[in-house]
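Asks: Here is the input, now give the coordinates:
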Amino acid sequence: MKTLTCLDEIIGLSRTQCPCYDDDKPENSEDSNSGLYLDELDGLELKAISSDIECGDGSIWQKMQRAEENAKIQFRSDLMKCIGATTEAKRKAFYGRIGLTEWSKNITITNDFVGQRIKTCNIKGGEMTLKGISTLMDTTISFDIEVYNNLQPTPILILNGINAVANTIETNVLTPDPLLTFPLYTEECDVLEYYILYKPNGAFEPKNNRVSCGCSTRPEWEKWADIQGVKGDDITKRETFFTQKEAFGLFLDVEFTCNTSELICGGTNSKLDFDNDEKAMAMAYAIRYEAGRSLIDNILGTANVNRYTMLPADSLWKLRNHYAERYNELVAYLCQEMDITQNDCLMCNDTRIGKTVIYS
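Replies: Predicted coordinates:
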């Protein structure tokens, strides 16, 4: 699951000064972008949270960190499930290989650079993940591929040691890495482009396979990007490279998908505005309630005997259910208030009207 950095330090663990719990206290335990703290949730305090810690459970801080992280995951899942119940995808995700396997001859290369250009369809929230690069060359050889965009002069990624086997499709599976996922939209330019390029240097020649058949049936990936073969010499002028139908012996194994969860962060994975956006504060309250519910569940399930675990079970259940109820109310509110137009992934089929109460 991709990390939503906008939820980092959305709540703090504790700002309570207590020497009894200073051991292993994380340096960032008091960092809270919203000003909310887990141990200040009504009904919780550090003694209560530590009441069910057993051998092997780690410290109170590890327990609180786990509760907070699990609460973020649960919140993200529940909110996106709710949004998904009233929306549908604008375009179908694509998982597969780009490039035809048919070829008839070698291509004699006279340019310094050849490869493919990926011109995106400017999809907010859209992402392309490069899963592998297969090759079809006339020589058994290993070479490097450089990935550029049209925003900076230097490569954004270099893939070393791409293998080719003479006259055979050779598959190079890429090790999963966040650097292999590329956005399909930026505010920095009108059209975001990527270039997958290599330099034959006269050592080998690619086959003349094509990117697509060029027929009336459009491949699914064309809803995400326009992909063509390119060749040229001056890398600083790659946007003027000559385009053609041939794929220059490359097959791109890709995923085109939408990161709809970016809606939580306002359409981009940026910081939340806790001073001016009530939805941001609602998220913080929701995550704190869900983390609190998790901690109460731990207390209810422990066999330890102390002043907290000996409380009447119905009292703890009432507290636990109160947290769950407030959490569900906040998720419902956020689900209704979320602006799906902040990305290009979803379209609404929601016929509901009215508002839901917000946090208090």
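Asks: Break this protein into its domains for me.
Replies: The chain breaks down by automatic domain parsing into domains covering 5-88+264-348, 104-248.
Asks: Compare the ones you listed and report which one is nearest to Gly96.
Replies: For these, the distance to Gly96 is smallest for domain 104-248, at 7.5 Å, taking Cβ to Cβ. Every C-beta, even on glycine, is put in place using the N, C-alpha and C of the backbone.
Asks: residues touching Leu272, list them.
Replies: Neighbour list for Leu272: Cys6, Leu7, Ile10, Asn33, Cys265, Gly266, Ala280, Met283 [criterion: Cβ atoms under 8 Å, 6 or more residues apart in numbering].
Asks: What is the neighbour count of the first one?
Replies: Residues contacting Cys6 under the criterion other Cβ atoms under 10 Å number 19.
Asks: Tell me, how many residues neighbour the nearest residue to it once chain neighbours are set aside?
Replies: Leaving out its chain neighbours, the residue that sits closest to Cys6 by Cβ to Cβ, 6 or more residues apart in numbering is Cys265, at 3.7 Å. Using other Cβ under 10 Å, Cys265 has 19 other residues around it.
Asks: Surely Asn122 is in contact with Tyr185?
Replies: Yes. Counting by Cβ atoms under 8 Å, Asn122 does reach Tyr185; the two are 5.3 Å apart.
Asks: what's the overlap in contacts for the two?
Replies: Leu192, Asp344.
Asks: Please identify which of the two sits among more neighbours.
Replies: Legend: neighbour count by other Cβ under 10 Å for Asn122 and Tyr185, higher for Tyr185 (20 against 15).
Asks: Contacts only, for the more buried one.
Replies: By Cβ under 8 Å, 6+ apart, the contact set of Tyr185 is Thr120, Asn122, Ile123, Lys124, Gly125, Gly126, Leu192, Asp344.
Asks: Apply 7 Å and report the result again.
Replies: The neighbourhood of Tyr185, defined by Cβ atoms under 7 Å, 6 or more residues apart in numbering, consists of Thr120, Asn122, Ile123, Lys124, Gly126, Leu192.
Asks: So which of those is surrounded by the most neighbours?
Replies: In terms of neighbours by other Cβ under 10 Å, those top out with Gly126 at 26 neighbours.
Asks: Give me the phi and psi angles of it.
Replies: As for Gly126, its main-chain torsions (degrees, to the nearest 10) stand at phi -70, psi 150.
Asks: what does the one 4 residues further on give?
Replies: Dihedral pair for Leu130: phi -90, psi 110, per degrees, to the nearest 10.
Asks: Let me know how buried Leu179 is, in neighbour terms.
Replies: For Leu179, the count of nearby residues is 12 (other Cβ under 10 Å).
Asks: any idea how far it is from Pro153?
Replies: Taking Cβ to Cβ, to the nearest Å as the measure, Leu179 falls 18 Å from Pro153.
Asks: And the nearest residue to Thr140 once chain neighbours are set aside, what's its pLDDT?
Replies: In this structure, Thr140 finds its nearest non-sequential neighbour in Ala166, 4.7 Å apart by Cβ to Cβ, 6+ apart. If you check Ala166, the pLDDT there is 97.
Asks: Please tell me I have it right and Ala166 contacts Thr139.
Replies: Yes. Under the criterion of Cβ atoms under 7 Å, Ala166 makes contact with Thr139 at 5.3 Å.
Asks: which residue ranges form the helices in the protein?
Replies: Per DSSP state H, the chain carries helices over the ranges 46-49, 60-84, 278-301, 313-337.
Asks: Nearest to Gln244 among the ones you listed would be which one?
Replies: Nearest to Gln244, of all the helices of the chain, is helix 60-84, at 40.9 Å by Cβ to Cβ.
Asks: hang on, the earlier thing: with neighbour numbers in mind, choose between Ala166 and Thr139.
Replies: A count of neighbours by other Cβ under 10 Å puts Thr139 above the other of Ala166 and Thr139, at 15 against 12.
Asks: From the opening residue of stretch 24-37 to its closing one, how far?
Replies: By Cα to Cα, to the nearest Å, the extent of stretch 24-37 from end to end equals 18 Å.
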